[in-house]
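> Next come a sequence and a model predicted from it.
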Protein chains: 2
Amino acid sequence: MTLDEILKEIKKAKTIVILTHESPDGDAVGSSLAVKLILEELGKKPDVIIPEYSRMFHFLPSAEKIKTDSEIKKYNLAISVDCANFKRLAKNEYFENAKKTIVIDHHGSNNMYGDLNYVNPASPACCEILVSMAEYFGIKISKEIGTCIMAGIITDTGGFRYMGITPDTFEYTADLIRLGVDIPDIYKKTMGTKTKANFELTKRVIDRMEMLEDGKVSFTYITSQDELEVNAEPGDHEGLVNIGKDIEGVLVSIFIRQKEEENVYKVSLRSEDGINVSDICLLFGGGGHSRAAGALIPGTVEEVKEKLMKEIKKWME
Amino acid sequence: MTLDEILKEIKKAKTIVILTHESPDGDAVGSSLAVKLILEELGKKPDVIIPEYSRMFHFLPSAEKIKTDSEIKKYNLAISVDCANFKRLAKNEYFENAKKTIVIDHHGSNNMYGDLNYVNPASPACCEILVSMAEYFGIKISKEIGTCIMAGIITDTGGFRYMGITPDTFEYTADLIRLGVDIPDIYKKTMGTKTKANFELTKRVIDRMEMLEDGKVSFTYITSQDELEVNAEPGDHEGLVNIGKDIEGVLVSIFIRQKEEENVYKVSLRSEDGINVSDICLLFGGGGHSRAAGALIPGTVEEVKEKLMKEIKKWME
């Protein structure tokens, strides 16, 4: 059983680092901190290294202990959470240099890049995997661990709304509420609050929304100039990706966001049943889930749109 | 026990009508249909009369049987669901003329206008009350009843996000998923889909957003002219009320919507802790919950704004 081996490695390790993917979302930050807190219950003192993340997550227990770097160069053990491949792992040099590596994830596209890999694509959030992991380790989930876990579940399920949620998701949530975890508070802080910058970006995204292919595809964008103008901070683009998806009749939504000053766009595709956007993103060297995937594509707004539409049209036929 | 008396009246009645409030939301339509289906399990053939509601709810089981009126003028029994007072009850002449009346609701401001009143303000949705009611009546909840109930719970809790959700809410949901109720589908249909008209109204609401009192109050509006221009149908204003509430730092959000062609606005207030918007709305003859309330106020956009701000400022001090 992988969990036994994982527990053995954790117990053996003197120095442990926890890492997650670039542009970390709630599930990435929540998983990192939940694993940290679970490992502390096992008597360990792991480091969490996340170079940049939204201040939206500052409220999470132990967030103040997140490091942007470390003086330890070779950890005994590196644990990657919520990250499908080595390339997307932020500060992956710590993973590369570690003696042993563990991958804990829920992405179907995970390519098992650790010495030990605990990947469950049936889980709607990496954080949900940690509930059973903690149980298996004999760790009682505290209000603090539960708060980190719920941050991941709430954000990765879009607030309990996406495919993949199960009775378990709701039962874990009921249990966590009984432990004192405040769902409306986490929801408000992670999903229910628009910063002023995010509100201004929303305005632009809505004003620029284009309906293509008879309304089956929506397209919108923001540039790095937009982000400069509204003083955007990391995380201020959260939620923009969903605006086009929710318009009636849309089967695929495209949201593209310019990478700082470069002629490259971060593409986010979302879809309804039938169209596997992960396959489309794979064509551009990206990946993700069948209904939510991403890639990096060079070009201007118009060029990126054209490249994407060429592929998406093939799926529409 | 009120539920025993309610069951007795239901069993006795030959003709039953189910009514709910004007501008019915998901909890109103969901409760009406769930009560209809529960009563059918008891061998009854109740009518649901709702004169106007969003086509968003057409997917609900038995929605096709909703009547806009009835040839029966004096029902043996009228049941009002999710409606705090007689005045807001749509087609309340059927309630007035009925031999016996029952009120089932979860609004704290409910003024117990029925012969029998089953009101539980601790419940986050009227639909959630129906779960225990069905159990008490010995009715097994079917997938169809469960779908109507979940539509109410999902919409009235803003997708499991508002205060008032309890472990019960999540456990009922887990049970309903096991019965085959499709949460992502209901979520998508009730909360996750913006009609084109709703999208156009959203654009206007965002463009007109004003931040008052140092950003503590947000104000925006739509006119009946707007609704004409975008071909709005009933329900196309759903969700607009929350746009201002979610902006960082906002304690009270005001959304006003002109009543057809008249010089009167439907006011919707939403608040964060501390400010009881139900009390503010009561001053204008309205009511609701402490964090979500409404009223009708005559005047122009500017006049209504001024009247409201005068009262809201008192609470800000």
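Yep, it's here. Numbers count the residues shown, from 1 in each chain, chains lettered A, B, ... in the order given.
> How about whatever residue of the stretch 1-150 of chain A ends up closest to chain B, nearest residue that isn't a chain neighbour?
With distances taken as C-beta to the nearest C-beta, the stretch 1-150 of chain A approaches chain B most closely at A:Met56, which sits 9.7 Å away. C-beta: built from backbone N, CA, C; applies to glycine. Computed as C-beta to C-beta, 6 or more residues apart in numbering or on different chains, the closest residue to A:Met56 that is not its neighbour in sequence is A:Gly235, at 5.1 Å.
> thought A:Asp207 was touching B:Lys203?
Yes. The pair A:Asp207 and B:Lys203 qualifies as a contact (C-beta atoms under 8 Å) at a distance of 6.9 Å.
> who's more crowded, the two?
For A:Asp207 versus B:Lys203, the count of surrounding residues by other C-beta atoms under 10 Å in any protein chain shown is larger for B:Lys203: 15 against 11.
> Look up phi and psi at the more buried one.
Dihedral angles of B:Lys203 (phi, psi; degrees, to the nearest 10) stand at phi -60, psi -50.
> give the contact list for the nearest residue to it once chain neighbours are set aside.
The shortest distance from B:Lys203 to any non-neighbouring residue, by C-beta to C-beta, 6+ apart, is to A:Ile206 (5.3 Å). Shown in contact with A:Ile206 (C-beta atoms under 8 Å, 6 or more residues apart in numbering or on different chains): A:Thr220, A:Ile243, B:Phe199, B:Thr202, B:Lys203, B:Ile206.
> can you do 7 Å?
Contacts of A:Ile206 were listed using C-beta atoms under 7 Å, 6 or more residues apart in numbering or on different chains, and they are A:Ile243, B:Thr202, B:Lys203, B:Ile206.
> Please apply the same query to A:Asp246.
Taking C-beta under 7 Å, 6+ apart as the criterion, A:Asp246 is in contact with B:Gly192, B:Thr193, B:Lys194.
> now do 10 Å
Applying C-beta atoms under 10 Å, 6 or more residues apart in numbering or on different chains to A:Asp246 gives the contacts A:Ser218, A:Ser253, A:Arg270, B:Lys188, B:Met191, B:Gly192, B:Thr193, B:Lys194, B:Asn198, B:Phe199, B:Gly239.
> Inside helices: which ones of these?
In this view, those that belong to helices under DSSP state H are B:Lys188, B:Asn198, B:Phe199.
> What is the neighbour count of A:Thr104?
Wrong residue type there; residue A:104 is Ile, not Thr. If you count neighbours by other C-beta under 10 Å, A:Ile104 ends up with 26.
> now do A:Thr223
By the other C-beta under 10 Å criterion, the neighbourhood of A:Thr223 contains 16 residues.
> Quick check: it touching A:Lys266?
No. A:Thr223 is beyond contact range of A:Lys266, at 11.6 Å (criterion: C-beta atoms under 10 Å).
> shared neighbours of the two, anything?
Listed as contacting both A:Thr223 and A:Lys266 by C-beta under 10 Å, 6+ apart are A:Ile256, A:Arg257, A:Gln258.
> Note down every partner strand of the one helix or strand the second one maps to and its orientation.
Following DSSP states H and E, one finds A:Arg257 within strand A:252-258. In the sheet, strand A:252-258 lines up against strand A:217-222 (parallel), strand A:264-271 (antiparallel) (DSSP bridges).
> I'd like those strands written out as JSON lines, with distance to B:Ala28 added.
Rendered in JSON lines, the data for those read as follows (distance: least, C-beta to C-beta, whole Å):
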{"stretch": "strand A:217-222", "distance to B:Ala28": "30"}
{"stretch": "strand A:264-271", "distance to B:Ala28": "30"}
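> Adding mean pLDDT and mean neighbour count, write those strands out as TSV.
Formatted as TSV, the entries for these read as follows, by pLDDT from 0 to 100; neighbours: other C-beta atoms under 10 Å in any protein chain shown:
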stretch	mean pLDDT	mean neighbour count
strand A:217-222	97	23
strand A:264-271	95	23
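> Those: which one's closest to B:Cys281?
Smallest distance to B:Cys281 across these (C-beta to C-beta): 36.3 Å, for strand A:217-222.
> Can you report how many residues neighbour A:Leu283?
Number of residues near A:Leu283 (other C-beta under 10 Å) recorded here: 14.
> Check the gap between it and B:Glu229 for me.
Computed with C-beta to C-beta, to the nearest Å, the distance linking A:Leu283 and B:Glu229 is 41 Å.
> and the helix or strand of chain A with the lowest mean pLDDT, which strands flank it?
Of all the helices and strands that make up chain A, the one with the lowest confidence by mean pLDDT, DSSP states H and E is strand A:287-288; it has a mean of 83. The sheet places strand A:287-288 alongside strand A:292-298 (antiparallel), with pairing taken from DSSP bridges.
> could you give the angle of the helix or strand just after the strand it pairs with to strand A:217-222?
From strand A:292-298 onward toward the C-terminus, using DSSP H and E, the following helix or strand is helix A:301-316. Here helix A:301-316 points in a direction 160 degrees away from that of strand A:217-222 (axes from the mean of the first three to the mean of the last three C-alpha atoms, to 10 degrees).
> Against which helices or strands is helix A:301-316 packed?
Of the remaining helices and strands, those touching helix A:301-316 by 3 or more C-beta pairs under 10 Å, 6 or more residues apart in numbering or on different chains; DSSP states H and E are strand A:210-212, strand A:217-222, strand A:252-258, strand A:264-271, helix A:277-283, strand A:292-298.
> picking up where we left off before, any idea how far the strand holding A:Arg257 is from the chain center?
Taking C-alpha atoms, centre = their mean, to the nearest Å, the mean C-alpha location of strand A:252-258 is offset from the chain mean by 17 Å.
> swap in stretch A:154-164?
A distance of 12 Å separates the centroid of the chain from that of stretch A:154-164, by C-alpha atoms, centre = their mean.
> same thing with stretch A:126-143?
Taking C-alpha atoms, centre = their mean, the mean C-alpha location of stretch A:126-143 is offset from the chain mean by 19 Å.
> pLDDT averaged over that stretch, what's the number?
Across stretch A:126-143, the average pLDDT comes to 97.
> sorry, back to before: the host helix or strand of the residue nearest to B:Lys203 to strand B:217-222, inter-axis angle?
With the criterion set as DSSP H and E, the secondary-structure element containing A:Ile206 is helix A:196-207. Calculated by the same axes, to 10 degrees, helix A:196-207 forms an angle of 10 degrees with strand B:217-222.
> Check which residues of helix A:196-207 are buried.
Of all the residues in helix A:196-207, those buried under the rule 16 or more other C-beta atoms under 10 Å in any protein chain shown are A:Lys196, A:Ala197, A:Asn198, A:Phe199, A:Glu200, A:Leu201, A:Thr202, A:Arg204, A:Val205, A:Ile206.
> possible to save those as CSV with pLDDT and distance to A:Lys307?
Shown next, in CSV, are the buried residues of helix A:196-207 (pLDDT from 0 to 100; distance: C-beta to C-beta, whole Å):
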residue, pLDDT, distance to A:Lys307
A:Lys196, 92, 33
A:Ala197, 95, 29
A:Asn198, 94, 27
A:Phe199, 95, 30
A:Glu200, 95, 28
A:Leu201, 97, 23
A:Thr202, 96, 25
A:Arg204, 96, 22
A:Val205, 97, 20
A:Ile206, 96, 24
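> Closest to A:Pro61 out of the residues you listed?
For the buried residues of helix A:196-207, the closest approach to A:Pro61 (C-beta to C-beta) belongs to A:Asn198, at 24.1 Å.
> Please report how far the closest one lies from B:Lys74.
Distance, A:Asn198 to B:Lys74, using C-beta to C-beta: 55 Å.
> CA atoms only: put stretch A:240-254 into CSV for me.
As requested, the backbone C-alpha atoms of stretch A:240-254 are provided in CSV (Å, rounded to 0.1, in the frame of the first residue of the first chain):
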residue,chain,number,x,y,z
LEU,A,240,-12.3,35.6,-14.7
VAL,A,241,-12.0,32.3,-16.5
ASN,A,242,-15.6,31.3,-15.5
ILE,A,243,-17.4,34.3,-16.8
GLY,A,244,-17.7,33.1,-20.4
LYS,A,245,-18.4,29.5,-19.4
ASP,A,246,-21.6,30.4,-17.7
ILE,A,247,-23.3,32.1,-20.6
GLU,A,248,-26.2,30.1,-21.9
GLY,A,249,-25.4,27.9,-24.9
VAL,A,250,-21.6,28.1,-24.4
LEU,A,251,-19.9,24.7,-24.8
VAL,A,252,-16.3,25.9,-24.7
SER,A,253,-15.1,29.1,-23.1
ILE,A,254,-11.7,30.6,-23.8
